[in-house]
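Undergrad: sequence and predicted structure below; questions after.
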Amino acid sequence: MTKGMYEVLSNKRIAQDTYEMELSGDTSSLERPGQFINIKIEGLYLRRPISVCHSENGRLTIIYKVVGKGTGIMSKMEKGRMLDILCGLGNGFDISKGKGRRCAVIGGGVGVPPMYDTAKSLIEQGNEVTAILGFATKDAAFYIDEFEKLGVKTIVTTDDGSLGIKGFVTDGLKTTDCDYYFACGPEPMLKSLHRTGISGQLSFEERMGCGFGVCMGCTCETLVGYKRICKDGPVFESSEVTFDVKA
């Protein structure tokens, strides 16, 4: 983990209530796709955890949805703004476990961003990759072109059928021959993927107090007891998650 000041290079709306922000700063602690940053917002007590979409050479991209006061403030930030950020938090996806397998990267809503660098890393490892991106509606969809430019087969699902397959990411998964997945999204989506019986890695979305395992505010039950989503996760093997209790 690193702590420092990061400069806002750009901040723009890319879909319904969804923004892409580019930042400049120390990215040395970002070792795996699926890690996140924690942003201090002036006037608010808790930092805001946001997953990293892409990082390279001292620049990183995050994508966030305006859902409350903190992200509302973020959406109005202009180029040149300096932000106090904890970077390189959490344990990301273990890409090596997908080597030699037919892999899918699966994202639902704001779970889509971390799947971008995950797909990129899998391609660099030599995998053929299918991306399955789930959104509520066409207006909420984003980054489809960016995934396609990586050279991955991209399947889109929407709840209302306004774009791509009508249904959920599990409906998209049925159209593939993938035998291993990397996924991030809301808990109902992760539960549905878990029920397919296909092996994979699940990245949990959770409101976090500290972001580095001190407050114990974000825990999930696994086969070996409770684990902290921010510190031990947010990525867990599907085989170790129970979904029975979330505290």
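TA: All right, it came through fine.
Undergrad: other SSEs contacting the lengthiest helix in the chain?
TA: What stands out as the longest helix in the chain, according to DSSP state H, is helix 113-125. Using 3 or more Cβ pairs under 8 Å, 6 or more residues apart in numbering; DSSP states H and E as the contact test, the elements touching helix 113-125 are strand 48-56, strand 59-65, strand 103-108, strand 129-135, helix 144-149, strand 180-185. Just so you know, the C-beta spots here come from the backbone N, C-alpha and C atoms, and that holds for glycine as well.
Undergrad: show me what the first one is in contact with.
TA: Okay, so that is strand 48-56. 20, 27, 30, 33-39, 41, 60-64, 70-71, 74, 89, 110-111, 113-114, 116-117, 120, 143, 184, 203, 208, 211, 230 (Cβ atoms under 8 Å, 6 or more residues apart in numbering).
Undergrad: skipping its backbone neighbours, what lies nearest the residue nearest in space to the middle of the chain in space?
TA: With distances taken as Cα atoms, centre = their mean, Pro114 lies nearest the centre of the chain, 3.5 Å away. Using Cβ to Cβ, 6 or more residues apart in numbering and skipping residues adjacent in sequence, the residue nearest Pro114 is Ser51, 4.3 Å away.
Undergrad: separation between that neighbour and Leu150?
TA: 18 Å (Cβ to Cβ, to the nearest Å).
Undergrad: pLDDT score for the residue in the chain sticking out farthest from the centre?
TA: No residue in the chain sits farther from the centre than Gly43, which is 26.0 Å out by Cα atoms, centre = their mean. pLDDT, Gly43: 92.
Undergrad: SS state for the spatially closest residue to it that is not a sequence neighbour?
TA: The shortest distance from Gly43 to any residue other than its chain neighbours is 7.8 Å, reached at Ile73 (Cβ to Cβ, 6+ apart). Here Ile73 is recorded as helix under DSSP: H, G, I helix; E, B strand; the rest coil.
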